[in-house]
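Undergrad: Here is a sequence together with a model predicted from it:
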Amino acid sequence: MKIKLDKVISYFVLTIALLFSMFPIFWTISTSIKARVDTFTLPPKFFNFTPTWKNYQLLFQLDGFWKIYANTIMITLATTALCLLIGSLAAYCLARVEKFRGRSTLEILMIIVRALPGIVIILPLYNLSTYFGLYDRAWALILIYTGFNIPFAIWLMTNFFEQVPIEIEDAARVDGASNLQLFTRVLIPLVTPGLVATGVFVALLSWNEFLIPVIMAGENSKTMPILVSSFISNRTLDWGPMAAAATVALLPIIIFTLAIQKWLVVGLSGGAVKE
Amino acid sequence: MRIKKRIKKSSARPTTSFTAPTWILLSLTILLPLIYGIYLSFLNVNLASFAPTKFIGLANYKLALAAPETYSTLITTLQLMVIGLIVQIPLGIFLAIMLHQNLGGSKFFRSALIVPMLLTPVAVGLIFRFMFDTDIGIINWALSLIGSDGYNWLGSRTTALLAIVIVDSWQSIPFVMLLVVAALATIPTSIYEAALVDGANKFQVFFRITLPLIVPTLLVLTMIKIMDFLKLFDTLFILTRGGPGNDTTTLGLWTYKTGFIFLEMSRAAALGVVILIITMPVYLLWRKSAKSVR
């Protein structure tokens, strides 16, 4: 009987938590399909309204919306590809070589990226970029995004490389495989699931990135978070299109978060906690 | 014997050259700006002035250390950090324990509860700004149901700080929960059984057995949360932009304002160096605590 009571309490608590975590998402989506009148009424309308696509139409007609959306996807994909390409090499080295020259410097640099407020790095970077004419260039953004996200990628992938039994490598070496052959032909296929997880992870972080583009992107290379945030500054209080923009930014993430939840622990703790 | 030796030699592990691309990338995007930032902090660069750039020694540091904002924003950063940790860690542990009981459907709960974690902070800030709205916000409406007049949430320091912590907690509690669930899973059930046989009650089990065993994870978690509060920018920027006045401005946001609103680049760079020095212990502690879990 006592055990049953425990269960009831747990379910109760978890359900309350679920309501709290889901409500803002529900509220965004519902606001995004409400007419303006329905947004501004109290008591709020939860279900008793006629859905409309007007907010989305307004959003999609915004000047440059599709360009911004495409640009964000492009930057996200390029950053992900670079992080996987460059990061997997470094992760393999970190996983297999206990001590090498520069290892601790590399690790400290990676921790700095994780711990230091980004503004400390981006402010001088902005000065340098304007000097070299790199401001508002998508490819420069991609490099910076990659620099800021690669520590995550490396931490995560190091874990996957560590899990590959070393005997497999030894066998391939006996067969005369070179370092690079071994890496591309033997190891990469073995850690592919891990690479996919890392890729999705980096893609999410790049998609969400705000501080870098808010400083380094002008009209040419604007991204979705900048567009979403611009609704705040022009004071029109048009919550409908704002909610539509938020929904468009959030929906892909909800799907991907569920897809990679197995690896969230390792990734978000910088590899410090394993599951 | 000779063959064995050759195998051993050939199984030399990947060479350091594998890390070369990462080195180049981090040198360009992290190290170079850091060093340039230190250099910049000794100059007089102001984007709004045409005065010739010159070396002015420690003047920016003197100004930064004399300005009351440097201290008030540091205090705000620490206040957010402390309130945030007090709210998020216990609630996260609590939810993790609820999840850990092998209930039917706990997988479903786990998946659903972690959704807020990776959502775009800018969008999240926007949604909550709508919900915190004084006149049409659903939070004040809900408060009115229980007879409260509601608050102008983002209009005064205390409530605005509270709002920022609430929004951050909405995204962070699931993270704490997830890490604690992972830590709980490593504790063998036989320990609990033994304790129950010895007649321990639930609170004793939690405080004497569970808690001590998850301390390393909690340390890592605290470190990560400290780093996140130092970095806090997106939601803060959207929710209050550091306002009213500078009441909710953190040290990081103050650096941003100094550089990109007042256009005092060199002074902002000096603040950046101050932040770098303040956060130094975090790097060292992080390496230590991360190792303790491994």
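TA: On my side now, so go ahead. Since the structure is predicted, the reported quantities are computational estimates derived from the model, not experimental observations.
Undergrad: For the chain, which helix or strand comes out least confident on mean pLDDT?
TA: Chain wasn't specified; assuming chain A. Lowest mean confidence among the helices and strands of chain A (mean pLDDT, DSSP states H and E): helix A:264-268, at a mean of 66.
Undergrad: Correction: the question concerned chain B.
TA: Per mean pLDDT, DSSP H and E, helix B:2-10 ranks last in chain B, at a mean of 43.
Undergrad: and chain A, what are its domains?
TA: As assigned by automatic domain parsing, chain A contains the domains A:1-52, A:63-268.
Undergrad: what is the mean pLDDT for the first one?
TA: Mean pLDDT, domain A:1-52: 86.
Undergrad: which residues does the residue of the stretch 1-150 of chain A found nearest chain B contact?
TA: With Cβ to the nearest Cβ, the shortest gap between the stretch 1-150 of chain A and chain B falls at A:Gly147, namely 2.8 Å. For every residue, glycine as well, the C-beta is placed using N, CA and C. If a contact means Cβ atoms under 8 Å, 6 or more residues apart in numbering or on different chains, then A:Gly147 has A:Val113, B:Leu25, B:Leu26, B:Leu28, B:Thr29, B:Ile30 as its contacts.
Undergrad: try it again with 6 Å
TA: B:Leu25, B:Leu26, B:Thr29, B:Ile30 (Cβ atoms under 6 Å, 6 or more residues apart in numbering or on different chains).
Undergrad: Buried subset of the residues you listed as a PyMOL selection?
TA: Those of the contacts of A:Gly147 that count as buried under 16 or more other Cβ atoms under 10 Å in any protein chain shown are selected in PyMOL with:
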select buried, chain B and resi 25+26+29+30
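Undergrad: would you turn the contacts of A:Gly147 into JSON lines with distance to chain A and secondary structure?
TA: Shown next, in JSON lines, are the contacts of A:Gly147 (distance: Cβ to the nearest Cβ, whole Å; DSSP: H, G, I helix; E, B strand; the rest coil):
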{"residue": "B:Leu25", "distance to chain A": "5", "secondary structure": "helix"}
{"residue": "B:Leu26", "distance to chain A": "5", "secondary structure": "helix"}
{"residue": "B:Thr29", "distance to chain A": "3", "secondary structure": "helix"}
{"residue": "B:Ile30", "distance to chain A": "6", "secondary structure": "helix"}
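Undergrad: okay, now B:Pro121: neighbour count?
TA: Here the number of neighbours of B:Pro121 (other Cβ atoms under 10 Å in any protein chain shown) works out to 23.
Undergrad: Skipping adjacent residues, who's closest to it in space?
TA: Leaving out its chain neighbours, the residue that sits closest to B:Pro121 by Cβ to Cβ, 6 or more residues apart in numbering or on different chains is B:Asp234, at 3.7 Å.
Undergrad: Run through the residues that contact the one you found.
TA: So B:Asp234 contacts A:Phe210, B:Pro121, B:Val122 (Cβ under 6 Å, 6+ apart).
Undergrad: low-scoring stretches of the chain, by residue?
TA: As the question left the chain open, I've gone with chain A. The model of chain A has pLDDT under 70 over residues A:1-3, A:233-237, A:265-275.
Undergrad: That was the other one, I meant chain B.
TA: In chain B the weaker segments, taking pLDDT under 70 as the threshold, are B:1-14, B:290-294.
Undergrad: quick check: longest helix of it.
TA: The residue-count maximum for a helix in chain B (DSSP state H) belongs to helix B:68-99.
Undergrad: The helix or strand that it is followed by packs against which elements?
TA: Sequence order places helix B:106-113 as the next helix or strand after helix B:68-99, per DSSP states H and E. Here helix B:106-113 is seen to pack against helix A:2-32 when contacts are counted using 3 or more Cβ pairs under 6 Å, 6 or more residues apart in numbering or on different chains; DSSP states H and E.
Undergrad: ok so, going back, now look at the longest helix of chain B and say if it contacts chain A.
TA: Yes - counting by Cβ under 6 Å from any Cβ of the partner chain, chain A has neighbours in helix B:68-99: B:Leu95, B:Met98.
Undergrad: That helix - contacts with which helices or strands?
TA: helix A:2-32, helix B:157-185, helix B:211-231, helix B:251-260.
Undergrad: In CSV, list those helices along with distance to A:Lys262 and mean neighbour count.
TA: Output for these, formatted as CSV (distance: least, Cβ to Cβ, whole Å; neighbours: other Cβ atoms under 10 Å in any protein chain shown):
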stretch, distance to A:Lys262, mean neighbour count
helix A:2-32, 19, 15
helix B:157-185, 11, 21
helix B:211-231, 18, 19
helix B:251-260, 32, 25
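Undergrad: Contact residues of the stretch 1-150 of chain B facing chain A?
TA: Counting by Cβ under 6 Å from any Cβ, the residues of the stretch 1-150 of chain B that sit close to chain A are B:7, B:10-11, B:13-14, B:16, B:18-19, B:21-22, B:25-26, B:29-30, B:33, B:36-37, B:40, B:95, B:98, B:101, B:103, B:109, B:111-113, B:115-116, B:118-120, B:122-123, B:126-127, B:130, B:136, B:138, B:141.
Undergrad: Could you give me the ChimeraX syntax to select whichever of these are buried?
TA: Buried members of the residues of the stretch 1-150 of chain B next to chain A, identified by 16+ other Cβ under 10 Å, are gathered into one ChimeraX selection as follows:
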select /B:13,14,16,18,19,21,22,25,26,29,30,33,36,37,40,95,98,103,109,112,113,115,116,118,119,120,122,123,126,127,130,136,138,141
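Undergrad: Identify each buried residue in the helix or strand B:Glu193 falls within, please.
TA: Counting by DSSP H and E, the element that carries B:Glu193 is helix B:189-197. For helix B:189-197, burial by neighbour count (16+ other Cβ under 10 Å) applies to B:Ala195.
Undergrad: Which positions in the stretch 51-200 of chain A make contact with chain B?
TA: Going by Cβ under 6 Å from any Cβ, the residues of the stretch 51-200 of chain A near chain B are A:86, A:89-90, A:92-93, A:96-97, A:100, A:109, A:111, A:113, A:115-117, A:119-121, A:123-125, A:128, A:144, A:147, A:170, A:173-174, A:179.
Undergrad: Quick check: closest non-adjacent residue to B:Gln79.
TA: B:Leu161 (6.5 Å).
Undergrad: quick one: the one you found and A:Phe210, what's the gap?
TA: Between B:Leu161 and A:Phe210 the computed distance is 21 Å (Cβ to Cβ, to the nearest Å).
Undergrad: what does A:Ile75 give?
TA: As judged by Cβ to Cβ, A:Ile75 and A:Phe210 stand 13 Å apart.
Undergrad: can you check A:Tyr92 too?
TA: 31 Å.
Undergrad: more neighbours, these two?
TA: In this view A:Tyr92 and A:Phe210 are compared by other Cβ under 10 Å, and A:Tyr92 has more residues nearby, 27 against 24.
Undergrad: Off-centre distance for the host helix or strand of that one?
TA: A:Tyr92 belongs to helix A:65-96 when elements are defined using DSSP H and E. Offset of helix A:65-96 from its chain centre (Cα atoms, centre = their mean, to the nearest Å): 10 Å.
Undergrad: same check, this time on stretch B:258-272
TA: For stretch B:258-272, the distance to the chain centre is 23 Å (Cα atoms, centre = their mean).
Undergrad: So is it next to chain A?
TA: Yes - Stretch B:258-272 is in contact with chain A by Cβ under 6 Å from any Cβ, via B:Gly259, B:Ala268, B:Gly272.
Undergrad: surely the first one meets A:Leu123?
TA: If I follow you right, that is B:Gly259. Yes - using Cβ atoms under 6 Å, B:Gly259 is in contact with A:Leu123, at 4.9 Å.
Undergrad: shared neighbours, those two?
TA: B:Ala268.
Undergrad: Helix or strand next in line after the helix holding A:Tyr92, which one?
TA: Next element after helix A:65-96 (DSSP H and E): helix A:103-115.
Undergrad: Quick one: residues in contact with that following helix.
TA: By Cβ under 6 Å, 6+ apart, helix A:103-115 touches A:Phe148, A:Pro151, A:Gly270, B:Leu26, B:Ile30, B:Met227, B:Thr279, B:Val282, B:Tyr283, B:Trp286.
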